[in-house]
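1. using only what follows, build the 3D model:
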Amino acid sequence: MAHSFDRGPLAFSANAYHDLLRRHCGGGAAVAYSMISIAPERPDFARRSLLKRIVVSGVSSNVIPWLMFASVSVACVSAFFSWRSSKVAANASQAALYLKFQEQYASHGMRDALRNLSSWRELHGGDFAHKWGELYEKNDTDALEVDKSRRRVSHFFGAIADLYKNGLLSKPLTCRLKNYSGADLWFEVVEPLEEQLGRDYDRSQFETLRSLRNSLGRTQPRWFKPVIVAQSADIE
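-> Model prediction:
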């Protein structure tokens, strides 16, 4: 049976190759050729399978545990840096919140609100809440100003309580904010005024911060004359 050699454009049969050797190399070459057994090439999938077996058999069993250890190590390092990046982002968010609260607390409007609440309590003594409720219903000018102060301080510390309760503000930062001296007025003046409004106020905010509170007994500075004033704009 004649074999054919397929090598692209130079394809020819085994008989033609035999004749070529006889003409140019003599009978010896032709005899030598006749002793060569030409086998068909191994299919591609067989060669790949053979190569795979060679590679796998060449890997020592001692190397495999080290490869697994290296893979686990890389995964752990990647997880650590991912956790660290998340922590840095969370700290940056907490810092931004703290600066925002600090800016609000340092405003002229907050200063006037805290002074009004302190002055009202000092001017009207232990009955300050009931007195405010009566005058508020009559649209008394001072009582209305005190109401503006109440709302401003209530929203400030109420927001701190809500953020902490919902896990958006860390405990150390919440404790730092609730230790502002104005927090005492929020508990001691604002809450009684809330009760005088004759509606169910949000007690949960007071309870949330009260659970973290260690009252320092601080009040607003006493160097100013107790008087109710219109609140200033927040622009410096």
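2. ignoring the adjacent residues along the chain, who's closest to residue 133?
-> residue 196 (3.5 Å; C-beta to C-beta, 6 or more residues apart in numbering). From N, CA and C alone the C-beta is placed, and that goes for glycine too.
3. quick one, helices of the chain?
-> 14-25, 27-34, 44-58, 63-105, 108-124, 128-137, 141-165, 171-178, 182-185, 191-196, 203-210 (DSSP state H).
4. ranking the ones you listed by mean pLDDT, which is last?
-> Mean pLDDT is lowest for helix 27-34 among the helices of the chain, at a mean of 44.
5. re the thing from before, okay, the residue nearest to residue 133 and residue 145: tell me how far apart.
-> Residue 196 is 16 Å from residue 145, where distance means C-beta to C-beta, to the nearest Å.
6. what of residue 95?
-> From residue 95 to residue 145 the distance is 34 Å (C-beta to C-beta).
7. quick one: which of the two has more around it?
-> When neighbours are counted by other C-beta atoms under 10 Å, residue 95 and residue 145 differ, and residue 145 comes out ahead with 18 against 11.
8. who's in contact with that one?
-> 116, 228-231 (C-beta atoms under 8 Å, 6 or more residues apart in numbering).
9. repeat that with 7 Å
-> 116, 228, 230 (C-beta atoms under 7 Å, 6 or more residues apart in numbering).
10. skipping its backbone neighbours, what lies nearest residue 122 in space?
-> residue 226 (4.3 Å).
11. what does the model give the nearest residue to residue 157 once chain neighbours are set aside for pLDDT?
-> Nearest non-adjacent residue to residue 157, counting by C-beta to C-beta, 6+ apart: residue 186, 4.6 Å away. Model confidence at residue 186, expressed as pLDDT, equals 94.
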